[in-house]
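# quick one: sequence and predicted model below, then my questions.
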Amino acid sequence: MEVNNVSMNLSAVSAKQYPDEGYPEIALLGRSNVGKSSLINTLINRKSFARTSSTPGKTQTLNFYNIEDQLYLVDVPGYGFAKVSKKQREEFGVMIEEYLTTRKPLRGVVILVDGRHAPSDDDISMYQYVSYYHLPTLVVATKMDKVKKNQWNKTTSIVNKTMNINQTDQLQLFSAETKSGKDEVWQWIEDHMK
Ligand SMILES: Nc1nc2c(ncn2[C@@H]2O[C@H](COP(=O)(O)OP(=O)(O)OP(=O)(O)O)[C@@H](O)[C@H]2O)c(=O)[nH]1
Ligand SMILES: [Mg+2]
(Lines give C-alpha, C1' and ligand atoms only; values in the text may rest on other atoms or scores of the structure.)
(Ligands and ions follow the chains in the order given, each with its own letter.)
Protein backbone atom coordinates (compact mmCIF):
# COMPACT_ATOMS: atom_id res chain seq x y z
CA MET A 1 0.00 0.00 0.00
CA GLU A 2 1.18 3.50 -0.79
CA VAL A 3 1.00 5.24 2.58
CA ASN A 4 0.77 9.03 2.76
CA ASN A 5 -1.68 9.64 5.54
CA VAL A 6 -1.26 8.14 8.96
CA SER A 7 -2.67 9.26 12.24
CA MET A 8 -2.41 7.76 15.67
CA ASN A 9 -6.10 7.85 16.24
CA LEU A 10 -6.21 6.58 19.73
CA SER A 11 -4.89 4.54 22.57
CA ALA A 12 -7.18 2.14 24.34
CA VAL A 13 -7.09 -0.03 27.40
CA SER A 14 -10.64 -1.39 27.15
CA ALA A 15 -13.26 -2.23 24.52
CA LYS A 16 -15.33 0.93 24.92
CA GLN A 17 -12.33 2.94 23.76
CA TYR A 18 -11.76 1.00 20.53
CA PRO A 19 -12.38 2.95 17.30
CA ASP A 20 -15.76 2.46 15.64
CA GLU A 21 -15.25 3.19 11.93
CA GLY A 22 -15.13 -0.53 11.22
CA TYR A 23 -11.87 -0.50 9.24
CA PRO A 24 -10.14 -3.87 9.21
CA GLU A 25 -7.47 -4.26 11.87
CA ILE A 26 -4.16 -6.10 11.95
CA ALA A 27 -2.56 -6.48 15.38
CA LEU A 28 1.16 -6.65 16.08
CA LEU A 29 2.19 -8.92 18.92
CA GLY A 30 5.49 -9.88 20.38
CA ARG A 31 7.78 -9.76 23.33
CA SER A 32 8.73 -6.33 24.56
CA ASN A 33 11.61 -4.77 22.64
CA VAL A 34 11.31 -7.23 19.75
CA GLY A 35 10.58 -4.40 17.28
CA LYS A 36 6.80 -3.98 16.89
CA SER A 37 6.86 -0.19 16.81
CA SER A 38 9.84 -0.30 14.44
CA LEU A 39 7.92 -2.59 12.07
CA ILE A 40 5.02 -0.13 12.04
CA ASN A 41 7.38 2.76 11.31
CA THR A 42 8.91 0.80 8.44
CA LEU A 43 5.51 -0.05 6.97
CA ILE A 44 4.44 3.60 7.01
CA ASN A 45 7.79 5.01 5.90
CA ARG A 46 8.37 7.04 9.05
CA LYS A 47 11.39 7.15 11.27
CA SER A 48 9.70 7.47 14.61
CA PHE A 49 5.96 7.81 14.30
CA ALA A 50 5.34 4.86 16.59
CA ARG A 51 7.52 5.41 19.62
CA THR A 52 10.44 3.03 19.77
CA SER A 53 12.77 2.55 22.66
CA SER A 54 15.59 0.43 23.93
CA THR A 55 13.72 0.36 27.26
CA PRO A 56 11.36 -2.63 27.23
CA GLY A 57 7.72 -1.92 27.96
CA LYS A 58 7.47 1.45 26.24
CA THR A 59 4.12 0.73 24.62
CA GLN A 60 1.56 0.17 27.39
CA THR A 61 -1.78 0.66 25.70
CA LEU A 62 -3.33 -0.67 22.51
CA ASN A 63 -2.34 1.96 19.95
CA PHE A 64 -4.51 2.17 16.84
CA TYR A 65 -2.74 3.65 13.82
CA ASN A 66 -5.16 4.81 11.15
CA ILE A 67 -3.63 4.04 7.75
CA GLU A 68 -5.20 6.00 4.91
CA ASP A 69 -8.68 5.59 6.42
CA GLN A 70 -8.52 1.98 5.22
CA LEU A 71 -6.86 0.02 7.94
CA TYR A 72 -5.80 0.11 11.57
CA LEU A 73 -2.45 -1.29 12.57
CA VAL A 74 -2.72 -2.05 16.26
CA ASP A 75 0.44 -1.92 18.34
CA VAL A 76 -0.08 -4.26 21.26
CA PRO A 77 2.11 -3.94 24.38
CA GLY A 78 4.94 -6.43 24.59
CA TYR A 79 4.36 -9.48 26.73
CA GLY A 80 6.84 -11.01 29.11
CA PHE A 81 8.75 -8.02 30.35
CA ALA A 82 10.66 -8.02 33.56
CA LYS A 83 10.32 -4.40 34.59
CA VAL A 84 6.62 -4.19 35.34
CA SER A 85 4.92 -5.69 38.38
CA LYS A 86 3.03 -8.98 38.33
CA LYS A 87 -0.22 -7.06 38.81
CA GLN A 88 0.55 -4.82 35.83
CA ARG A 89 1.35 -7.89 33.76
CA GLU A 90 -1.99 -9.42 34.65
CA GLU A 91 -3.78 -6.22 33.65
CA PHE A 92 -1.98 -6.22 30.29
CA GLY A 93 -3.00 -9.86 29.88
CA VAL A 94 -6.66 -9.03 30.36
CA MET A 95 -6.49 -6.08 28.01
CA ILE A 96 -4.79 -8.09 25.24
CA GLU A 97 -7.07 -11.07 25.70
CA GLU A 98 -10.20 -8.93 25.56
CA TYR A 99 -8.98 -7.37 22.34
CA LEU A 100 -7.92 -10.60 20.61
CA THR A 101 -10.99 -12.60 21.56
CA THR A 102 -13.81 -10.06 21.09
CA ARG A 103 -12.69 -7.68 18.37
CA LYS A 104 -14.83 -8.08 15.24
CA PRO A 105 -12.73 -6.00 12.76
CA LEU A 106 -9.59 -7.94 13.68
CA ARG A 107 -8.52 -9.79 10.52
CA GLY A 108 -5.20 -11.19 11.56
CA VAL A 109 -2.14 -10.86 13.72
CA VAL A 110 1.53 -10.38 13.08
CA ILE A 111 3.67 -12.11 15.71
CA LEU A 112 7.19 -10.79 15.88
CA VAL A 113 10.05 -12.92 17.05
CA ASP A 114 13.73 -12.07 17.33
CA GLY A 115 15.43 -13.61 14.30
CA ARG A 116 18.73 -13.86 16.16
CA HIS A 117 17.45 -16.48 18.58
CA ALA A 118 15.16 -19.50 18.61
CA PRO A 119 11.59 -18.47 19.51
CA SER A 120 10.98 -18.35 23.28
CA ASP A 121 8.28 -20.20 25.21
CA ASP A 122 6.35 -16.90 25.33
CA ASP A 123 6.50 -16.68 21.52
CA ILE A 124 5.27 -20.25 21.17
CA SER A 125 2.42 -19.70 23.68
CA MET A 126 1.32 -16.54 21.92
CA TYR A 127 1.18 -18.34 18.59
CA GLN A 128 -0.77 -21.26 20.08
CA TYR A 129 -3.14 -18.78 21.68
CA VAL A 130 -3.99 -16.92 18.46
CA SER A 131 -4.19 -20.19 16.52
CA TYR A 132 -6.76 -21.45 19.01
CA TYR A 133 -8.90 -18.42 18.13
CA HIS A 134 -8.35 -19.06 14.40
CA LEU A 135 -6.69 -15.71 13.83
CA PRO A 136 -4.69 -15.78 10.58
CA THR A 137 -1.08 -15.21 11.52
CA LEU A 138 2.06 -13.89 9.93
CA VAL A 139 5.16 -14.69 11.96
CA VAL A 140 7.84 -12.07 11.37
CA ALA A 141 11.40 -12.88 12.36
CA THR A 142 12.92 -9.45 12.78
CA LYS A 143 16.36 -7.87 13.34
CA MET A 144 17.62 -10.01 10.43
CA ASP A 145 20.25 -7.35 9.66
CA LYS A 146 22.01 -8.89 12.67
CA VAL A 147 22.00 -12.35 11.11
CA LYS A 148 24.40 -13.31 8.32
CA LYS A 149 22.69 -14.00 5.00
CA ASN A 150 24.07 -17.54 4.88
CA GLN A 151 22.18 -18.26 8.14
CA TRP A 152 18.78 -17.08 6.89
CA ASN A 153 17.64 -20.53 5.73
CA LYS A 154 18.58 -21.89 9.13
CA THR A 155 16.53 -19.15 10.84
CA THR A 156 13.57 -20.03 8.64
CA SER A 157 13.71 -23.69 9.53
CA ILE A 158 14.27 -23.10 13.27
CA VAL A 159 11.38 -20.65 13.56
CA ASN A 160 9.09 -22.85 11.46
CA LYS A 161 9.92 -25.90 13.50
CA THR A 162 9.93 -24.34 16.98
CA MET A 163 6.67 -22.48 16.50
CA ASN A 164 5.12 -25.34 14.53
CA ILE A 165 3.66 -22.87 12.03
CA ASN A 166 0.41 -24.01 10.37
CA GLN A 167 0.19 -24.49 6.61
CA THR A 168 -2.29 -21.62 6.38
CA ASP A 169 0.02 -19.20 8.18
CA GLN A 170 3.24 -17.65 6.95
CA LEU A 171 6.75 -16.78 8.07
CA GLN A 172 8.63 -13.72 6.84
CA LEU A 173 12.19 -12.66 7.62
CA PHE A 174 12.42 -8.91 8.18
CA SER A 175 14.65 -6.01 9.15
CA ALA A 176 13.54 -2.52 10.13
CA GLU A 177 17.12 -1.47 9.56
CA THR A 178 17.41 -2.54 5.90
CA LYS A 179 13.61 -2.72 5.14
CA SER A 180 14.11 -6.26 3.90
CA GLY A 181 10.76 -8.09 3.88
CA LYS A 182 8.69 -4.90 4.00
CA ASP A 183 6.86 -5.53 0.70
CA GLU A 184 6.05 -9.11 1.70
CA VAL A 185 4.61 -7.99 5.04
CA TRP A 186 2.46 -5.39 3.25
CA GLN A 187 1.30 -8.03 0.79
CA TRP A 188 0.19 -10.32 3.61
CA ILE A 189 -1.64 -7.44 5.33
CA GLU A 190 -3.42 -6.43 2.12
CA ASP A 191 -4.40 -10.05 1.46
CA HIS A 192 -6.01 -10.15 4.90
CA MET A 193 -7.83 -6.81 4.83
CA LYS A 194 -10.70 -8.14 2.72
N1 LIG B 1 19.18 -3.95 14.36
C2 LIG B 1 17.86 -3.85 14.46
N3 LIG B 1 17.31 -3.27 15.55
C4 LIG B 1 15.96 -3.19 15.62
C5 LIG B 1 15.12 -3.70 14.59
N6 LIG B 1 13.84 -3.49 14.95
C7 LIG B 1 13.86 -2.87 16.15
N8 LIG B 1 15.14 -2.68 16.57
C9 LIG B 1 15.59 -2.03 17.82
O10 LIG B 1 15.06 -2.74 18.94
C11 LIG B 1 14.67 -1.84 19.97
C12 LIG B 1 13.20 -2.04 20.32
O13 LIG B 1 12.39 -1.70 19.20
P14 LIG B 1 10.86 -1.27 19.36
O15 LIG B 1 10.31 -1.15 17.98
O16 LIG B 1 10.73 -0.11 20.27
O17 LIG B 1 10.27 -2.57 20.09
P18 LIG B 1 8.77 -2.84 20.62
O19 LIG B 1 8.47 -4.25 20.28
O20 LIG B 1 7.84 -1.81 20.05
O21 LIG B 1 8.94 -2.67 22.18
P22 LIG B 1 7.80 -2.36 23.28
O23 LIG B 1 7.05 -1.15 22.83
O24 LIG B 1 8.58 -2.16 24.54
O25 LIG B 1 6.93 -3.57 23.37
C26 LIG B 1 14.98 -0.44 19.46
O27 LIG B 1 16.24 -0.08 19.98
C28 LIG B 1 15.04 -0.62 17.95
O29 LIG B 1 15.87 0.31 17.30
C30 LIG B 1 15.75 -4.31 13.43
O31 LIG B 1 15.13 -4.80 12.48
N32 LIG B 1 17.13 -4.35 13.44
MG1 LIG C 1 6.56 -0.46 20.98
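In hand now; what should we look at? Ligands and ions are numbered 1, 2, ... in the order given.
# what about the helices in the protein?
Listed from the start of the chain, the chain has helices (DSSP state H) covering 36-43, 86-102, 121-132, 152-163, 182-191.
# go through those and pick out the most buried.
Per-residue neighbour counts averaged over each of these give the maximum for helix 36-43, namely a mean of 25 (mean count of other Cβ atoms under 10 Å). For glycine as for every other residue, the C-beta is placed from the backbone atoms N, C-alpha and C.
# right, is that one up against ligand 2?
Yes: using Cβ under 5 Å from the ion as the criterion, contacts between helix 36-43 and ligand 2 involve Lys36, Ser37.
# mind giving me the packing neighbours of that helix?
strand 25-30, strand 71-75, strand 106-114, strand 137-142, helix 182-191 (3 or more Cβ pairs under 8 Å, 6 or more residues apart in numbering; DSSP states H and E).
# mind listing what the shortest one pairs with, with the direction of each?
In its sheet, strand 71-75 lies beside strand 25-30 (parallel), strand 62-67 (antiparallel), with partners assigned from DSSP bridges.
# repeat that for the fourth one.
Sheet neighbours of strand 137-142, with direction, are listed as strand 106-114 (parallel), strand 170-173 (parallel) (DSSP bridges).
# what angle do that strand and helix 36-43 make?
Relative orientation of strand 137-142 versus helix 36-43 (axes from the mean of the first three to the mean of the last three Cα atoms, to 10 degrees): 90 degrees.
# what comes into contact with strand 137-142?
With contacts defined as Cβ atoms under 8 Å, 6 or more residues apart in numbering, strand 137-142 is touched by 34-35, 38-39, 108-115, 127, 130-131, 155-156, 159, 163, 165-166, 169-176, 181, 185, 188-189.
# ok, back up a step: for the helices of the chain, which one sits closest to Lys16?
Proximity to Lys16, assessed across the helices of the chain by Cβ to Cβ, is greatest for helix 86-102 (10.6 Å).
# relative to strand 106-114, how tilted is that closest one?
An angle of 140 degrees separates the directions of helix 86-102 and strand 106-114 when computed by the same axes, to 10 degrees.
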